[in-house]
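Engineer: Dropping a prediction and its sequence here:
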Amino acid sequence: MRIRFWKASALAAGIVTGSVLGGPLFGQETKNTPVPPVPATGKATADEPAKATPKGRTIALKLVVSDVGSKGCEVEVKPANPSCVFKTQSFHLDPLTGLGESKKLVTLTDVDIRGADRNCAVAVTVRQDGLPPKTIYRGFRVAASPKPGAVESFETCMSCPTKASSIATTDKPGARR
């Protein structure tokens, strides 16, 4: 008799708990709002104003490059992985000092951060005449919610490929014995 009572009370408690908690979880219905039809021309009607939505954030990347040759170098800045999307930029960099140092401010616009870690990964490729290209990867953590109109800036230092580095990194096959 006692077992039947506990089975019935446990079943009743489960049904009551399920109806209380299950309703808000699974009983919600989405409200379908009617979408106004788009004219065949593809333009917005005069009744609804055009909404300007910002595509992404703006990031200012300060590049400090050393060992730039007298003829300069070509620099390409592109996304390093799929979680950070922006337009690839290429430019020529001339040395500012006699020691081959140069600085450049690169503004990345419409940067779309897709990852949950908010990491902006950048691949900077430096090319000089007669030398193999050198790619440097940098990652920057951006703010969770950017302020409207704010520009986040990061500074990175790197060096151009040199003749000594190209000699040291050549893969020569070893002698078989």
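Structural biologist: Okay, I see it.
Engineer: going forward, measure contacts between C-alpha atoms and count neighbours the same way
Structural biologist: Noted.
Engineer: what lines up beside the longest strand seen in the chain in the sheet?
Structural biologist: The single longest strand within the chain, with elements called by DSSP state E, is strand 102-113. Counting by DSSP bridges, the strands paired with strand 102-113 are strand 57-66 (antiparallel), strand 84-85 (antiparallel).
Engineer: Can you tell me which of the ones you listed is nearest to residue 14?
Structural biologist: strand 84-85 (47.3 Å; CA to CA).
Engineer: Show me the shaky parts of this structure.
Structural biologist: 1-5, 18-55, 163-177 (pLDDT under 70).
Engineer: in it, which spans are helices?
Structural biologist: Using DSSP state H, the helices of the chain run over 2-26, 163-168.
Engineer: re the thing from before, dump the strands paired with strand 102-113 to CSV, plus distance to residue 78.
Structural biologist: Compiled in CSV, the strands paired with strand 102-113 are given as follows (distance: least, CA to CA, whole Å):
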stretch, distance to residue 78
strand 57-66, 12
strand 84-85, 9
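Engineer: Columns distance to residue 132 and mean neighbour count on top of these, output as CSV?
Structural biologist: Listed next are those as CSV, based on distance: least, CA to CA, whole Å; neighbours: other CA atoms under 10 Å:
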stretch, distance to residue 132, mean neighbour count
strand 57-66, 16, 18
strand 84-85, 26, 19
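Engineer: which parts of the longest strand of the chain are buried?
Structural biologist: 102, 106, 108, 111-113 (16 or more other CA atoms under 10 Å).
Engineer: Kindly indicate which of those residues lies nearest residue 157.
Structural biologist: Once CA to CA is applied, the member of the buried residues of strand 102-113 that ends up nearest residue 157 is residue 102, at 10.1 Å.
Engineer: That'll do, ta.
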